[in-house]
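>>> would you be able to build a 3D model of this:
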Amino acid sequence: MTNQTEKEQVEQEEIVTEAQEQETVVPETVEEEQQPQNDPLENAIARVQELEEYIANADKREQEIQLRARAEIENIRRRTEQDVEKAHKFALEKFSKELLNVVDNLERGLQALEDADESVKALAEGVELTHKSLVSTLANFGIESVGAVGDAFDPELHQAISMQPAEGIEPNHISVVMQKGYTLHGRVIRPAMVMVAS
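Numbering: from 1, shown residues only. Presented below is the predicted three-dimensional model:
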């Protein structure tokens, strides 16, 4: 019986040893299973946060691009409106420059007819009415004359031919107008040729 008892004892010891090994193995396996489960979860959470930051940055970049695009479109629209407005305002510039010669000729004719006798008075009145009508029409389209005797000299509006002393006129003021100047909506289309008092 001793053999059988010894045999049973050895079997029991083996069973106990196996059980102990299994007990020690099971917790390790559980820990190993838990750790890998935590790492992928943490990795996934970190990845989700990275993606959320990337999306937030992408949204900010997209908003900035949209704002810049809107601003650029607004600038282009404003520039186009200004260009169209200038085109409308100054479309008559070349035409009006040609008409200024007609005005000058009518004014010269009026000066020549000032000392005329009664026989040409009707002609002088006709020329004067034509001149007034033409000047009025030019004013309706934004063309105005600049450079009158006594005005302060402005190099942007006037072209000084010479400087000379003049009685009754302050220095740096216009003493003689040789040719009137004209502006179209504030833009000089022909500077006035003047003499300036010194």
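
>>> pretty sure Gly109 sits against Val127.
Yes: the pair Gly109 / Val127 is scored as a contact, 5.1 Å apart, by C-beta atoms under 8 Å. The way it works is simple: take the backbone N, C-alpha and C, and place the C-beta from them, glycine included.

>>> residues making contact with stretch 122-141?
Residues external to stretch 122-141 that are found in contact with it (C-beta atoms under 8 Å, 6 or more residues apart in numbering): 92, 96, 99, 102-103, 106-107, 109-110, 113-114, 116, 144-145, 182, 184.

>>> and Gly109 and Val127? Which one has more around it.
Val127 (18 against 15; other C-beta atoms under 10 Å).

>>> taking the centroid of this protein, which residue is nearest it?
What sits nearest the mean C-alpha location of the chain, by C-alpha atoms, centre = their mean, is Asn75, with 4.2 Å.

>>> now that one: which helix or strand?
Per DSSP states H and E, Asn75 falls inside helix 2-90.

>>> try Ala148
In this structure, Ala148 is located outside every helix and strand according to DSSP H and E.

>>> my read: it touches Ser175, true?
No: between Ala148 and Ser175 no contact is recorded; they are 11.2 Å apart, counting by C-beta under 8 Å.

>>> and the pLDDT at Glu32?
With respect to pLDDT, Glu32 has a value of 46.

>>> repeat that for Val26.
On the pLDDT scale, Val26 gets 45.

>>> flag the shaky bits of this protein, pLDDT-wise.
Per-residue confidence for the chain (pLDDT under 70) gives these ranges: 1-38.

>>> mind redoing it with 50?
Counting by pLDDT under 50, the chain shows low-confidence ranges at 1, 24-37.

>>> all set, thanks.
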